[in-house]
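> Generate a structure from the sequence data that follows.
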Amino acid sequence: MKKITIKYFDKTLTPIEQKKNSDWIDLRSAIDIDLIPNKSYLIPLGISIKLPHGYEAHIAPRSSTFKNYGIIQTNSIGIIDESYCGDNDLWYYPIYATQNRHISKNDRICQFRIVKKQPSIKFNVVDKLLNKNRGGFGSTGKQ
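As a prediction, this is how the structure comes out:
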């Protein structure tokens, strides 16, 4: 089991934890906020984490985030690399509000997982790949 160093900016924030048999860890809003439709927000998550060398964190919505709060993560997925680990490197959740909603402090609004960074690669440029074509982008159909 890896040990991760975490700093809480607010001691009243519910501590994060990895649930048994879960790859993703829920993150919570560190503030109460009233959202207005068609506006963007950076919601502080109240933590800063020192990731292990060679790892990065991916932040994504929870499956219930849109249903419960009417928000969309503005950059589709958040990437936090291991160098973002200073004393004031607070994690945020960038969102776009689609409805009038309230988010309370400690509401679980997103999730993250820690993954190994991509290894260094070198591209070998060719004129042909010599593989069978699948039919183009989006060719697998709807069902």
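> Identify the residues contacting the strand ranked longest in the chain?
The residue-count maximum for a strand in the chain (DSSP state E) belongs to strand 108-116. Strand 108-116 has contacts (Cβ atoms under 8 Å, 6 or more residues apart in numbering) with 2, 4, 23-29, 43, 45, 51-52, 54-62, 65, 69, 71, 73, 78, 80, 93, 95, 103. All C-beta spots, glycine's among them, are computed from the backbone N, C-alpha and C.
> Mind telling me which residue is nearest the centre of this structure?
residue 59 (0.8 Å; Cα atoms, centre = their mean).
> Remind me what the helix or strand in which that one is found packs against, helices and strands.
Taking DSSP states H and E as the criterion, residue 59 maps to strand 55-61. Applying 3 or more Cβ pairs under 8 Å, 6 or more residues apart in numbering; DSSP states H and E, one finds that strand 55-61 contacts strand 71-73, strand 78-81, strand 108-116.
> Make JSON lines out of these and add distance to residue 138 and mean neighbour count.
Formatted as JSON lines, the helices and strands packed on strand 55-61 follow (distance: least, Cβ to Cβ, whole Å; neighbours: other Cβ atoms under 10 Å):
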{"stretch": "strand 71-73", "distance to residue 138": "22", "mean neighbour count": "19"}
{"stretch": "strand 78-81", "distance to residue 138": "25", "mean neighbour count": "15"}
{"stretch": "strand 108-116", "distance to residue 138": "26", "mean neighbour count": "17"}
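> Among those strands, which comes closest to residue 130?
Closest approach to residue 130 among those (Cβ to Cβ): strand 108-116, 30.2 Å.
> Neighbouring strands of the closest one in the sheet, and parallel or not?
With DSSP bridges as the test, strand 108-116 is paired with strand 25-28 (antiparallel), strand 55-61 (antiparallel).
> give me the element the nearest residue to residue 44 once chain neighbours are set aside is part of.
Leaving aside its chain neighbours, residue 44 sits nearest to residue 30 (4.4 Å; criterion: Cβ to Cβ, 6 or more residues apart in numbering). Following DSSP H and E, there is no helix or strand that holds residue 30.
> Would you mind measuring from residue 30 to residue 135?
Separation of residue 30 from residue 135 (Cβ to Cβ, to the nearest Å): 47 Å.
> So these two - more neighbours on which side?
Neighbour count, other Cβ atoms under 10 Å: between residue 30 and residue 135, residue 30 has more, with 22 against 9.
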